[in-house]
Each structure stands twice: as C-alpha cells, then as structure tokens.
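Q: Please work out how this folds:
(one chain, ligands or ions: 1)
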Amino acid sequence: MEIKYLDLQAQYKTIKDDIDREIHKILDSSAYVLGKSVSDFEANYAEYCQTTYCSGVNNGTNALLLALKALDVGQGDEVITSANTFIATISAIVQSGARPVLVDVDPISRNIDPLLLKMAISNRTKVIIPVHLFGRMADMDAVMRIAKEHNLKVLEDACQSHGAKYKGKRAGSFGDAAAFSFYPGKNLGAYGEAGAVVTSNASLDAEIKKLRDHGSEKKYYHDVIGYNARMEGLQGAVLGVKLKHLDKWNAERRRVAQIYNKNLKHVTKPEMHDDYEQVFHLYVIETDKRDALMNYLKQEHNIVTLIHYPIPNHLQKALDYLGYKKGDFPISEQLADQILSLPIYPEMPDEHVEFVAEKINEFYC
Ligand SMILES: *Cc1c(COP(=O)(O)O)cnc(C)c1O
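A: Numbers count the residues shown, from 1 in each chain. From the prediction side, this is the model:
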C-alpha cells in the first residue's frame, strides 16, 4: 500500500457531477476569461473572507504583485516579509520593483516574529506582508499594531490559509488587502492556475481589477500599463463548486492533524492554540533525524513525505544580491534542516493517518 502525500482524484470523485455540469456550462457559453462564473465566485469568496471585494486573477504570485502595485509599491520602497515562506512571496516583491527585507520567524508559530519585524522597519518601508504559513495565521494583533504605529500598509499572504481564523476573524480580513492562491494542491484549489485578491477598500479593488486587465476599465481605453492576469472562466466555475465544501474540508484536515498530534511521539508537533483556527494546509513536524526518517518512511513503508522548504530563501542563489548570509535567520535555517511535511488531505482515512504515526514512532524505538 502506498500512502500518498495528497490525493486530488479522491476529492474530484466526491464532486464530479457538479464540476462536470459547471464546466460544460462554460464550454456551452464560451465565457473562457472572466465572465459570470468568475464574478459569482468573487462575490461569494469576498463574503466568505469577511471582506467587501474580491478580484479573480491567474495565480497567487500575481495576486501579491497586483496588490503591491495597487498599494503604489515600486522602486526605492522596501517590503518586509517572513524569511520562512515560499519563494513566490519574495518574487512578487522583487517584480514590483521594491527591495524585499526578510525577518526571522517565531519558533513555535513559524510565522513572522513581531519583535524582529519592528526592528526591520526603515524610512523606506511601505508594506508588511505577513505570511499565514502552513494554514496558521500570523500574530495579526501584533502585526496590525506595528503597522499602525509606523503608518505602513499590510498585505496578507493567505495563499496557504483559505478559511483560517485568528481570534474568530478570517484570513484576508485584517490587512489592507490579502492574496490567495488556488493552485490545485491548496486548501481551495482550481483545476489549473488561479488566485485572488480580497480587500474592503473600494479604490484598491478598482485598481486591482484595472491592473489585471491591461490597465483598462473600459475596453480599449488604457489608463496605465497593466498586466494580463485575469482569472479563467473554467477556474471560476470549479472554484464556485468547491467553495461550498471548503469549511467541511478544512474540518477534515483538522481531524487528520488531531490524530497525528494525539499519536505521534518523539518529534516536535505543530502547536494547537485557541486563538488560531488552523486549516492545516500542511502538517509539519520537526526532528533532528529528518533525512533518515524521510528515507525510512519511503523505502520501508511507501509513505510519501515532503519538505516545505529545504533551502531558506535568503540562501537562494536568486537572492544573492540582497547580501544575506548563513546565520542571518537562525530559526528559519534550523526549520529548513528539521521540518518534514506528513501526508494530509481531507479524504485521508483515519487508518492511514494512524499508520503513518505508528511507523514514525517505530523509527525512534
Ligand atoms: C502557493 C503560494 C504562493 C503563490 O501562489 P501561486 O498560485 O503558486 O502563484 C505564494 N505564497 C505562498 C505562501 C504560497 O504557498
């Protein structure tokens, strides 16, 4: 028996009739780019995120980029974000023309450390991007307080946290804007590439809708040079069907995480904290025998695990020019050496979760 890391087919089977019907509606209407399926999804997703507006775009990286451009970020500006994130957060900052300033993370939450964030602010800082990594939100009380004190904008990178809550409020509802990715493996995944920006600021929303469509509000009238970053109609249709199931799927991910937390011994497990309703995009343990454990699980028991992410961003070749060196972000570096992402997806049977936990426990005996 193979224990898959995730199983997108298992999910498709549970919603096949609805998905096939909605896809055929798009084929019959030829509404391939934007259109009703996208605007319907935008209205429903804005409401889901407890915001007023949503713009469907073509991926999460461009959601971040368009939001930064709409916040007037460009050359000469600095944008602060977490050292421990997927490279896309940093790519978007670089593509906006700004300089990324990285900050190490808190070892428990693995999200941006508010004390270090405060120390990284300069007179060039314009925006803070807290990343809600692995499905757990950043400490948003602290981030919003610091942003207010220093008159900075906040863009949430919520690409791994669809539906997560902090003190009862949804990811995406805290900052000036928030970016989501609907890459297929995310908690809410399209059948291809897609993303969105949510905000409750009308002029910011109008700016993002303009930027995603070649800087145009009215067809063939271009106020600025924008991007081609529109969401496809097929993706809007798929996301519209899947959004109705998101809360249930997130609850199933929490079921899997709870079984792991109850059964696993000898490894550091994700903290469960009452202020955070986590959605476990990833279930990430820490252990100093990470590589050996990963090999053992694959070779001996056909269990697939992954590492998110093996090389800290500040040590990536592409970011050499920022001048960071080994030792600059010790917590992020230690995480890169010790983390392991275990199989997790909503349809994962209890027995598979228990089997993985049992084999990990046996490894340490
Ligand atoms: C997936 C992801 C992105 C980028 O989204 P894409 O849709 O792949 O462009 C950005 N930030 C984080 C934290 C992500 O996990």
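
Q: domain assignment for this structure?
A: The record's domain parsing of the chain by automatic domain parsing lists 8-243, 246-363.

Q: Ranking the ones you listed by mean neighbour count, which comes first?
A: Among these, domain 8-243 has the highest mean neighbour count (mean count of other CB atoms under 10 Å), at a mean of 20. The way it works is simple: take the backbone N, C-alpha and C, and place the C-beta from them, glycine included.

Q: Endpoints of that domain, how far apart?
A: 15 Å (CA to CA, to the nearest Å).

Q: next one: it to chain centre, how far?
A: Remark: domain 8-243 is offset 8 Å from the chain centroid, using CA atoms, centre = their mean, to the nearest Å.

Q: same thing with stretch 1-14?
A: Remark: stretch 1-14 is offset 21 Å from the chain centroid, using CA atoms, centre = their mean.

Q: Please apply the same query to stretch 248-259.
A: With CA atoms, centre = their mean, you get 17 Å for stretch 248-259.

Q: Identify the residues contacting that stretch?
A: Contact with stretch 248-259 is made by 11, 135, 162-164, 187, 270, 278-281, 283, 344-348, 350, 353-354, 357, as judged by CB atoms under 8 Å, 6 or more residues apart in numbering.

Q: Next: stretch 303-318.
A: 2-5, 83-87, 90, 102, 134, 282, 284, 290, 294, 297-298, 319, 322, 324-326, 328-329, 332-333, 335-336, 339-343, 355-356, 359.

Q: ok, is that stretch in contact with the ligand or not?
A: No. For stretch 303-318, no contact with the ligand is found by CB under 6 Å from any ligand atom; the gap never falls below 8.4 Å.

Q: tell me the mean pLDDT for that stretch?
A: Mean per-residue pLDDT for stretch 303-318: 98.

Q: C-alpha coordinates for that stretch, CSV please?
A: As requested, the backbone C-alpha atoms of stretch 303-318 are provided in CSV (Å, rounded to 0.1, in the frame of the first residue of the first chain):
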residue,chain,number,x,y,z
ILE,A,303,4.9,6.7,2.7
VAL,A,304,5.4,9.9,0.8
THR,A,305,6.6,13.0,2.7
LEU,A,306,7.9,16.4,1.5
ILE,A,307,10.0,19.3,2.8
HIS,A,308,8.5,22.8,2.7
TYR,A,309,11.1,24.2,2.1
PRO,A,310,14.6,22.7,2.1
ILE,A,311,16.6,25.8,1.3
PRO,A,312,15.9,29.0,3.2
ASN,A,313,15.1,31.9,0.9
HIS,A,314,18.0,34.1,2.0
LEU,A,315,20.4,31.4,0.9
GLN,A,316,18.8,31.0,-2.6
LYS,A,317,21.1,32.0,-5.5
ALA,A,318,18.4,34.3,-7.0
